[in-house]
Every structure is written in structure tokens, then in C-alpha cells.
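[1] Sequence and computational prediction follow.
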Amino acid sequence: MAQKVYEKPELYEIFSSRQDFKKESDFVVKLAKQFKKSKGNSLLNVGCGTGAHDKFLKKYFDLTGIDLNKKMLELAKKKNPKLTYKIGNMKSFSFSQKFDVITALTGVMSYNHSYKELKNTLTNLYKHLEKGGILVFNWAVVKEVAFEKGKIKNYVKVDTISRKDLDCVVIDNAYDPNRNDTTIETNVIFLIRKNRGPLKIVVDKHLLGLFELKKVRKILREIGFKCHLYENDFSGEKYKMLGPIFVCLKS
Ligand SMILES: C[S@@+](CC[C@H](N)C(=O)[O-])C[C@H]1O[C@@H](n2cnc3c(N)ncnc32)[C@H](O)[C@@H]1O
């Protein structure tokens, strides 16, 4: 029998079930209160994925979501039927509307693979911000933590997830074949048993950008942002793999 292919949204729902989206969204609201100077409350969630943050953020903002992946957006729309979702590439989308807040959460920025690409994306986001608006994003991984004790050379994290209908082991491997370029590979292996059924093994591969915070700050300044760097992640702890958080003001 052909093995069921798990689509990205389905895998991402499993992968991200370890995340506290409410806590993260509350933190974004707090940052907006603290840093935003523009008067409006429109928010563009770039790389919104399956709309998990949107469920909470929509209580505070007039929210639009964009993502490259149509299937992710279908799930986001199911969760948040009243919101506007559009297919869009953060590197090139062009709207006439400007926003008071732009978010790119859970490592969306890491889908830029070179400093040139990153600058291009950040410039595009700057263009879509109101004066006094803020951009909030965090990283999947940054160079400063990646090489600590050779972690990224061959990093692994294993979690188990158990729900009524699902038992899953998630093996998260990051590997850097070439320390001289600005990318790493991440391979997430899912051992999935649905309703105590047969084992399905799925591998989800990603190529992620690996950047130095100092260089990122320089790019942000060159574009015109005033940036504030949180040395913690969304849990409030000193960042490890996921983090840190940038809050960037278009002044
Ligand atoms: C790790 S997921 C994060 C999803 C969501 N922000 C969250 O926190 O749950 C990364 C998302 O970025 C999207 N993505 C990757 N490259 C993109 C691009 N160039 N433009 C827009 N979205 C992109 C992927 O499709 C995916 O939904």
C-alpha cells in the first residue's frame, strides 16, 4: 500500500505543537505597546504558516497573513476564517498598503540564504511599514550560538509528542557541511503513529541561512531601522537555538 505523504502543514502542526503560541503572541503585543509609534493597528504576518500566532494576534490587530506555501495558508484560513491571507514571497511581495507592525516569527528570516538576499527582504519589509511602525522577528539559529561546542556541526534534539490520536518522535538534526558559507541544513525526522496505527517515517529537509548578529544589525541600520535586540527567546530565557528577537523601528 502506498505510504501516505505528509504535507508540510501537517508536519508543521506536529513540529510546532511544542511551541506556546499564546505566550509568543502576548510578547509581540507587549513589544508593540512599548516600541510602536505609529497610530494604527494593522499587522502583516510574513511567513504566517498555519496561522497559529494569528489566532491570538487577531484580537489586538487588524491582521493580514502572507506565506509562500498555499497549503499552509489553507490551514491558516480554516483557523481564522475572517482574516485575509495571500500567497506572497517576503523577498518580492508588493502591496499598496503599509502596516504598523510586521512580524516574521519562528525563524522565517532564516529562509534568506545570503546577506544580499536578507538585505533585499528587510528592505522590502521596511518599504511596507508605516513611519513609526515596527518589524519583529526571530531566528531559527544564528552564528553566535551555532558553533558553540561544535553544536551545529552535527546538532540533534529529540522530542516525543503524545496526544489522544498521535504518538510521534521528532528528531531535529542541524548539520553544517561548510562553515565558510551562510547556510546550514536542517533535517527533521518524524516517526509518526496515528491512532496506534503503523509507523510512518517522514523526513522534512530545509536549507536555512546562518547569519552573524553584528552583521544583521549593520544591515538593519543601513536600511534605516533603529533596532533593539532581545537576548532572550520568547520563553523569556537566554536564547539557545531559537532566537534572539529583533524589534526594529522605522523612525
Ligand atoms: C518555520 S515556519 C513558521 C511559520 C509561522 N510564522 C509560525 O511561527 O508558526 C516558516 C514559514 O515561512 C514560510 N516561508 C518560507 N520562505 C518564505 C518566503 N520566501 N516568503 C514567505 N514565506 C516563506 C514557510 O512556508 C513557512 O510557513
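    Yep, it's here.
[2] how about the helices in the chain?
    Here the chain has its helices, by DSSP state H, at 8-15, 21-35, 54-57, 70-79, 115-127, 143-146, 213-223.
[3] For residue 225, give the beta-bridge partners.
    Note on residue 225: beta-bridge partners by DSSP bridges are residue 250.
[4] Name the residues of the stretch 1-150 of the chain found near the ligand, please.
    For the stretch 1-150 of the chain, the residues in contact with the ligand (C-beta under 6 Å from any ligand atom) are 16, 47-49, 52-53, 67-69, 72, 89-91, 105-108, 111. (C-beta placed from N, C-alpha, C; glycine too.)
[5] Among those residues, name the buried ones.
    Neighbour-count burial (16 or more other C-beta atoms under 10 Å) applied to these gives 47-49, 52-53, 67-69, 72, 90, 105-108, 111.
[6] Which of those residues fall within strands?
    Under the assignment DSSP state E, these contribute residue 67 to strands.
[7] returning to that earlier point: so which of the helices of the chain comes closest to residue 155?
    Among those, helix 143-146 comes nearest to residue 155, with 8.1 Å by C-beta to C-beta.
[8] State the distance from residue 191 to residue 162.
    12 Å (C-beta to C-beta, to the nearest Å).
[9] list residues touching both of these two?
    Residues touching both residue 191 and residue 162 (C-beta atoms under 8 Å, 6 or more residues apart in numbering) are residue 168.
[10] The two: which is more packed in?
    Counted by other C-beta atoms under 10 Å, residue 191 and residue 162 do not tie: residue 191 has more neighbours, with 15 against 10.
[11] so what pLDDT did that one get?
    Looking at residue 191, its pLDDT is 97.
[12] quick one: contacts for it?
    With C-beta under 8 Å, 6+ apart, residue 191 has these contacts: 168-169, 171, 199-201.
[13] Dump the helices of the chain to a markdown table, plus distance to residue 181 and mean pLDDT.
    Shown next, in a markdown table, are the helices of the chain (distance: least, C-beta to C-beta, whole Å; pLDDT from 0 to 100):
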| stretch | distance to residue 181 | mean pLDDT |
| --- | --- | --- |
| helix 8-15 | 25 | 90 |
| helix 21-35 | 30 | 93 |
| helix 54-57 | 34 | 98 |
| helix 70-79 | 27 | 96 |
| helix 115-127 | 11 | 98 |
| helix 143-146 | 11 | 78 |
| helix 213-223 | 14 | 95 |
